[in-house]
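Asker: show me how the following folds:
(chains A, B, C and D)
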Number of protein chains: 4
Amino acid sequence: MTDRNIHVQPATGHAVEDQSVEIVERKGIGHPDSICDGIAETVSRALAQEYIDRFGEVLHYNTDETQLVAGTAAPAFGGGEVLEPIYLLIVGRATKTFGGERIPTETIALEAAREYLDEQFPFLDVGKDVIVDVRLGEGSGDLQEVFGEEATVPMANDTSYGVGHAPLTETEQIVHETERSLNEEYAADNPVVGQDVKVMGKREGDHVDVTVAVAMVDRHVPDMDAYRDAVEGVREYVADLATEYTDREVTVHVNTADDYDEGSIYLTTTGTSAEQGDDGSVGRGNRANGLITPNRPMSMEATSGKNPVNHIGKIYNLLSTEIAESVVSEVDGIKQLQVRLLSQIGSPIDDPHVADAELVTEPGVAIEDIEAEVRAAVDDELADVTGVTKRVIDGQLSTF
Amino acid sequence: MTDRNIHVQPATGHAVEDQSVEIVERKGIGHPDSICDGIAETVSRALAQEYIDRFGEVLHYNTDETQLVAGTAAPAFGGGEVLEPIYLLIVGRATKTFGGERIPTETIALEAAREYLDEQFPFLDVGKDVIVDVRLGEGSGDLQEVFGEEATVPMANDTSYGVGHAPLTETEQIVHETERSLNEEYAADNPVVGQDVKVMGKREGDHVDVTVAVAMVDRHVPDMDAYRDAVEGVREYVADLATEYTDREVTVHVNTADDYDEGSIYLTTTGTSAEQGDDGSVGRGNRANGLITPNRPMSMEATSGKNPVNHIGKIYNLLSTEIAESVVSEVDGIKQLQVRLLSQIGSPIDDPHVADAELVTEPGVAIEDIEAEVRAAVDDELADVTGVTKRVIDGQLSTF
Amino acid sequence: MTDRNIHVQPATGHAVEDQSVEIVERKGIGHPDSICDGIAETVSRALAQEYIDRFGEVLHYNTDETQLVAGTAAPAFGGGEVLEPIYLLIVGRATKTFGGERIPTETIALEAAREYLDEQFPFLDVGKDVIVDVRLGEGSGDLQEVFGEEATVPMANDTSYGVGHAPLTETEQIVHETERSLNEEYAADNPVVGQDVKVMGKREGDHVDVTVAVAMVDRHVPDMDAYRDAVEGVREYVADLATEYTDREVTVHVNTADDYDEGSIYLTTTGTSAEQGDDGSVGRGNRANGLITPNRPMSMEATSGKNPVNHIGKIYNLLSTEIAESVVSEVDGIKQLQVRLLSQIGSPIDDPHVADAELVTEPGVAIEDIEAEVRAAVDDELADVTGVTKRVIDGQLSTF
Amino acid sequence: MTDRNIHVQPATGHAVEDQSVEIVERKGIGHPDSICDGIAETVSRALAQEYIDRFGEVLHYNTDETQLVAGTAAPAFGGGEVLEPIYLLIVGRATKTFGGERIPTETIALEAAREYLDEQFPFLDVGKDVIVDVRLGEGSGDLQEVFGEEATVPMANDTSYGVGHAPLTETEQIVHETERSLNEEYAADNPVVGQDVKVMGKREGDHVDVTVAVAMVDRHVPDMDAYRDAVEGVREYVADLATEYTDREVTVHVNTADDYDEGSIYLTTTGTSAEQGDDGSVGRGNRANGLITPNRPMSMEATSGKNPVNHIGKIYNLLSTEIAESVVSEVDGIKQLQVRLLSQIGSPIDDPHVADAELVTEPGVAIEDIEAEVRAAVDDELADVTGVTKRVIDGQLSTF
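Answerer: Numbering: from 1, shown residues only, chains lettered A, B, ... in the order given. Predicted structure coming up:
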């Protein structure tokens, strides 16, 4: 047992699952904010990997500021066109010279972004529908000193905190899985479904409303009937999916802003609203666990694109979520766990100023019964903080 | 009494003032994220006013996506220089033609941004130290239909929510006032203090640590002694200021990352870290009440730059804060009040899907004693929702 | 015979072939200025074709202002890398709405540019080594009125002139063919030769110096010996080629700025100096006949990217060259012919203010002998002015 | 007498003044191409001066690639507005680090451009009507070696040539002085005259047509009558001015594209057509002597923005003009002189490969009479080649 400053205490208030109203949101990978998150994180991973390949270690960088300026499009049944391209500006800092060697940070960033867009957005023609630009400066010189020798735990370079929780509530699971399944399983068979899927879940008591906005892809929609069919297909699929996660009553709404009489429907040429009027930027959408959860404390931190070696806000947000999940799976009797980590400038990041675990226990379980177990589990996870860094670089952890 | 759906209920858990650990943060107006917030909101107000002057009503726009790409600077005792300019890209959508008339939205945006920067940043030479660029598209056509006739209450165009609370805790007050006072009263007499002031407050039990990072302005710092004096001056000023808001013990830390031996200090040429490596964007910093408060529910909404007529997220975040403050000042016996407003697409914005007031009462006061009074006060405020729009346009409400 | 104002007169002075010193230059397609010319003209043709496909006629546009900002590269034997990408900004004006239909001018431009670069520059990875951006505004409204009904000859919208000559001198032929053959025949077998080939020819009396600068492609150059071989290969090829065009003595110099001792050679990663420090823009390189010929009058007109329907400067530069070539091939006894066309605002473009033919005749031939024949040939060509427009759009006429 | 390779020979053909048709053009300082020339040269001078101030010598740079993207404006009697700003991108290369010191090349460029625009364009609001952006890279490393020690004559780094002539013909004088006088003397009293003045002179035999296009400034034009008065005022002024330079018959045409019936006139808000649809870039307008003269050989070289220490094309174009003027003023009996200088890579720039003086003598004067005198005068001027560099940096020589 270490002497890490770990607090285990009862949560004040009901578990979210038991609160009367719960709101949960997820912006899918094709939402303009998520496109920025995705590119920022992809560029981050490409840079980290390049630094490792060249120098055996990750150098300083932060690429957490991609800005998307929406385009203009004229979607049409059977296939429309993009009139004015989307403009994507990758912004950040990166070490450009090390040991006398120049690192092609900007071309690495461009290539990584292009690959990501090509893979994730089959209906977006990179270089035609979207211009990708880049402005990577060099960081401030002081930062060069923060990273120590390899294999040591870095020092926190800021006072920051992270927060995570587990397990997900039913509504959270539904919202998260709806977007994931639509964009993967369902889209594979139904290319009409674009990548810009936004899901809002609202639970009042035992009734859950799932509102889904799906950017339909015009080349796969020959006419209005086909559009209605596509909408109905999504509704049925999601309604079915939801039953896997809850016994509560679920109502699914799809593209509620449509007005068939006016011919106003959610049709796109590229599968994302970024083609027409919706700008985006990093850190404005999903939190590190993939959700926006007003019923829970959230960090403002823009996790995507941050350096996973020493950016304490990123690490602690991802780590607190991992700790919460791990503890809940290892320790019986926990109904809800929230973990909060607060860093201490100048101390090793595996030794936070305070690690705070707030528990709602299952009926019949007292905090005292499991406190030691929880503390030990948190302690173990903290000891493995550098594992988070590794998993981020390997692409095993999603940041949005 | 209307039939608005207003819930009044006890908070689950302790008031923040009574929790064992409290964290509060405020990014000052010169922080790169706040610069973006400030410009986004300034541009928004300029456009709103221009539309009113020309057409008697506010047209559709959203200018909530300014991106700042940091510059490079070489600060030096007595005055250094900016090597590579900051690049500021104003992004958004605005109605460019109305009733056959073209509206110069982009030049309005540029002029408003320039005026804002000139006023707020005496050490930043706009056009030399910072390039201001703009990309304002036109919104999607559908949006043209949302606004109704003048004088009616707009319909909500999205499912969104806002959250506000009152009163501020002691730590919140200290953090907020430290930044405001340093940037106004103190800077007036001490130009060495740059606009980039970041304040972090951490209360553990009855001890408050206030950590202040101040970008010192090099032309007002002849040497290292002067720098130390400037740091000490700020420390004393803040320590003194804090006593106005609390009887708790307060420790003030200023520019803790300095290393005098290494000559590594927080010196800037322009008064903001945007000159050297710190990028910024809208909505990543302070919430609508000017603070980042992990102990309280927060909205992810980027309030600055949004259209104050119909952007429900902006309106509800500002309104919920106003309601909380108003109710607390009118109704006795409230220790802490949190107000949450959830919109309903297609309904008037003065009639939210639910307005949720969570109370911690003073000892000896029962919820039942004041529930009706609270409900009535909330109801009154909701009725005046369009007043929020007006005050935003007039610049009476801060959004960050 | 029409009443076109055609002057036929003797040239004042010697034919260029007989002057004591002659200088001729050609920037190959991979020269930064030529890259811009090529893209400007490619975009122009794509727009013209799109307008014809949609509306049966070419609408107003001009895309004659591409700007190239050089990148940074680290070429190396065996293959180096681009560190900072080239930035290409396509600039111009185009009609974006016609008959209620929006035309995707910017995505057309981007796609055309990408295709051109992909085709012409096998070692340039578009989207990674080069960012292509675009800013196409709408032209001034007045211009809408210039084009008349289809099938009529347009009116000149400016006072402008064009100049062409024939036949090419020996030195001109050598310079032109050296670049063309290196970039086509030779490069097909020798990929080490990059697209940035610059040829300078200087004839003093009967000695011709041909100086060739070839951007060698690093992935095809394993070491310094291979580089020397590549240089020698080019030298031999060009020396051989030159004998096809002249009996004069020719000396060929290749990559004369190289300094083997210093290791300073002309090695590139992408085949163009645009990767490292050489910016470019339209109209700064070759004239419409593909050459820079200080011994002859030249037009300053940037031909590439101009609208071939009504841009009189473009049309007259191409047409005067065509006329010169045609007359020389049809009429015997001409040693040198220079044709100059001057437009008259508001008159049909087939009726220039003046068409000026300056002749040097072969020995024994008097101007009077062939004047009528020349006049008739010029007249015929002028009558077919709209044929130039057609051939430009079809890509049969090169503009640089 | 040195052994410089100076050829003095008779011109082949008539002096331009005696040719039957002569065309001359000048784009005024407010023409979009000239705006770019002016900024490129201003930035060049600012950088050169800064290098001298810091290091005692001019370092490597070239800033000859400014690109202007036109804006959109809505001019109106009494004062209109700019709808979309002009975008100006300063492009080039500059040494950013020398002797361990960083040089703020980009902020120097921005400041110089802003000052130039503020001074020259009273109706253009920089930062609102025009965005000034900058992309200055670093040159290729090799170039660092070209400049030798101070006070020595630099070596030519390219094969390039320059051409100049004297004296100006009457038509050339009229065209040049018309623009200069309108923009200086006349505009001082008549602010209605904008900076975008374009003058075309055409002489046929003894009749000169001067066609002037003047961008009238809307805030000084209350109505159509005032516009007609302004046009007539210019016409009279220019007609009067022309008589100072010729006894030939002169007809002056002003704003000939106007159509009063259609209300189509040349009205601008800012005094330049860059506000509405006319893009511009460096080197596309006037040659180094301020004129475009199709009757004479011209260099394609973009002189403005080039480094005046070692850019041989710039130096030789300016120097050949200076030599021509100087020789004509010193040596009697010269009707027309053309000077052409051709550089030799690796040789000192005061020792050109060939300096070619082509003369038309006054009646009764033989070449032989003055050949020695001309040769000596040319030789003297060549010896003072570094004086050109100095006068360029001091702003005493105009480049466009």
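Asker: quick one: contacts for the residue of the stretch 301-400 of chain A at minimum distance from chain B?
Answerer: Evaluated by CB to the nearest CB, the stretch 301-400 of chain A has residue A:302 as its residue closest to chain B, separated by 5.7 Å. C-betas here are computed from N, CA, C, even on glycine. The neighbours of residue A:302, taking CB atoms under 8 Å, 6 or more residues apart in numbering or on different chains as the test, are A:40, A:64, A:282, A:283, A:284, B:284.
Asker: give the buried subset of those residues as a ChimeraX selection command.
Answerer: Only the buried members of these end up in this ChimeraX selection, burial being decided by 16 or more other CB atoms under 10 Å in any protein chain shown:
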select /A:40,64,282,283,284 /B:284
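Asker: among the contacts of residue A:302, which lie within helices?
Answerer: residue A:40 (DSSP state H).
Asker: in CSV, list the contacts of residue A:302 along with pLDDT and distance to chain C.
Answerer: Shown next, in CSV, are these (pLDDT from 0 to 100; distance: CB to the nearest CB, whole Å):
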residue, pLDDT, distance to chain C
A:40, 98, 18
A:64, 95, 21
A:282, 97, 20
A:283, 94, 24
A:284, 93, 24
B:284, 93, 26
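Asker: count the residues that sit near residue A:308.
Answerer: Under the neighbour criterion other CB atoms under 10 Å in any protein chain shown, residue A:308 is assigned a count of 24.
Asker: ok, it touching residue A:385?
Answerer: No: the pair residue A:308 and residue A:385 does not pass the contact test of CB atoms under 8 Å, sitting 10.7 Å apart.
Asker: what do those two both touch?
Answerer: Going by CB under 8 Å, 6+ apart, residues that sit against residue A:308 and also against residue A:385 are residue A:315.
Asker: and residue A:209, that one's in a helix?
Answerer: No: assignment of residue A:209 by DSSP: H, G, I helix; E, B strand; the rest coil gives strand, placing it outside any helix.
Asker: for burial, what's the neighbour tally of it?
Answerer: 16.
Asker: contacting residues for it?
Answerer: Applying CB under 8 Å, 6+ apart to residue A:209 gives the contacts A:201, A:202, A:203, A:250, A:251, A:253.
Asker: can you tell me how far whatever residue of the stretch 1-150 of chain A ends up closest to chain D is from chain B?
Answerer: Among the residues of the stretch 1-150 of chain A, residue A:135 lies closest to chain D, at 10.2 Å counting by CB to the nearest CB. Computed as CB to the nearest CB, to the nearest Å, the residue A:135 to chain B distance reads 5 Å.
Asker: I figured that residue hits residue A:89, correct?
Answerer: Yes: under the criterion of CB under 8 Å, residue A:135 lies in contact with residue A:89, with a separation of 6.5 Å.
Asker: report the set of residues contacting both of those two.
Answerer: Where contact means CB under 8 Å, 6+ apart, the residues bridging residue A:135 and residue A:89 through contact with each are residue B:69.
Asker: who's more crowded, these two?
Answerer: Looking at residue A:135 and residue A:89 with other CB under 10 Å, you find the greater number of neighbours at residue A:89, namely 22 against 18.
Asker: name the SS class of the more buried one, please.
Answerer: Using three-state DSSP, the structure places residue A:89 in strand.
Asker: contacting residues around it?
Answerer: Shown here is residue A:89, whose contacts under the criterion CB under 8 Å, 6+ apart are A:66, A:67, A:68, A:69, A:133, A:134, A:135, B:67, B:69, B:89.
Asker: alright, that wraps it up for me.
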